[in-house]
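Asker: turn this into a model:
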Amino acid sequence: MTDALPTGETALWRAVVVQPFQDATYGLHGAGRRRRGRCRAGRDARVNAGMARTWLLRDSADFRRVCALAGLEPDAVRRSAKVAIERSDEHQNGHKTREEDRKNKSSLDQR
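Answerer: All right, here's what the predicted structure looks like:
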């Protein structure tokens, strides 16, 4: 990767790399927060996250080509994706634990 500002085409390809990062991480715990459409939004987010994670973590020719067009090193992108996904999973697991604690406390209070 160079220090120069990316061209429009390079910036576009970098956006193609960024989107799966967002889908693989935020999509899991960011979707389904609204009451209406909760099940579908959550299911769609999980499907998108799974596809994004597969694309980011597997060494496919498509992944290497997109990284090359984006001016990025595929191995560095993959390492960054692993870290981002691990952090997202840790955050998601912590969020679930807090929700479960609240539910358990609420049910105990009702007794």
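
Asker: quick one: the helices in this protein?
Answerer: Taking DSSP state H, the helices of the chain run over residues 8-24, 26-30, 38-57, 61-70, 74-110.

Asker: okay, these, which one's buried deepest?
Answerer: Highest mean neighbour count among the helices of the chain (mean count of other C-beta atoms under 10 Å): helix 26-30, with a mean of 18. For the C-beta atoms, the positions are set from N, CA and C on the backbone; glycine is no exception.

Asker: picking that back up, in CSV, list the helices of the chain along with mean pLDDT.
Answerer: Formatted as CSV, the helices of the chain follow (pLDDT from 0 to 100):
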stretch, mean pLDDT
helix 8-24, 94
helix 26-30, 59
helix 38-57, 85
helix 61-70, 97
helix 74-110, 76
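
Asker: torsion angles phi and psi at residue 58?
Answerer: Main-chain dihedrals, residue 58, degrees, to the nearest 10: phi -90, psi 150.

Asker: and it, how far is that from residue 93?
Answerer: 24 Å (C-beta to C-beta, to the nearest Å).

Asker: next: residue 43.
Answerer: 19 Å.

Asker: cool, residue 87 as well?
Answerer: Residue 87 is 11 Å from residue 93, by C-beta to C-beta.

Asker: what about the closest residue to residue 88 other than its chain neighbours, how many neighbours?
Answerer: Nearest residue to residue 88, sequence neighbours excluded (C-beta to C-beta, 6 or more residues apart in numbering): residue 25, at 3.7 Å. As a burial measure, residue 25 scores 23 neighbours (other C-beta atoms under 10 Å).
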